[in-house]
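Student: Need coordinates for the below:
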Amino acid sequence: MFWLNICIKRHSSKKFKVRFAAHVHLTMKAVEERIMLVLSLYDKIDPKKLTLDSDFVKDLGLDSLDFVEVIMAIEDEFKFEIPDGDSDNIKTPRDIYQYICDRKDIYE
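Tutor: Numbering: from 1, shown residues only. Predicted structure coming up:
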């Protein structure tokens, strides 16, 4: 609780939510929901076309720069870095989900 009070005093509510979220373990369902939320809020993705199996290039029409922005948004959301070599293998939201779920320190 002490850490929580310090964060509230030092940061705006938006930053507090991000900092606090980084310390909370997630369920696999919560991971999926957060991925889909982040992707649906990206302005170049049509939420109506977005599914776990939508291909970022073929189905959603993202180019390489858009894809980098998506990966950066996911990294910001979950507070860890996806190395370039790993991101090269990500083609769908399900790939992101699987990548995150393979990291046991992210969810319970």
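Student: For this protein, which segments count as helices?
Tutor: All helices of the chain, identified by DSSP state H, fall at 2-10, 13-21, 28-41, 64-78, 84-87, 93-101.
Student: Spatially nearest residue to Asp86 (excluding sequence neighbours)?
Tutor: Tyr99 (6.6 Å; CB to CB, 6 or more residues apart in numbering). The way it works is simple: take the backbone N, C-alpha and C, and place the C-beta from them, glycine included.
Student: ok, now which ones touch that neighbour?
Tutor: When contacts are counted by CB atoms under 8 Å, 6 or more residues apart in numbering, Tyr99 touches Ile82, Asp86, Ile90.
Student: Distance check, the first one against Pro47.
Tutor: Distance of Ile82 to Pro47, computed by CB to CB, to the nearest Å: 23 Å.
Student: Tell me which of the two has more neighbours.
Tutor: Neighbour tally, Ile82 and Pro47, criterion other CB atoms under 10 Å: the higher count belongs to Ile82, 19 against 11.
Student: who touches the more buried one in this structure?
Tutor: Each residue near Ile82 by CB under 8 Å, 6+ apart is listed here: Ile71, Ile74, Glu75, Ile90, Tyr99.
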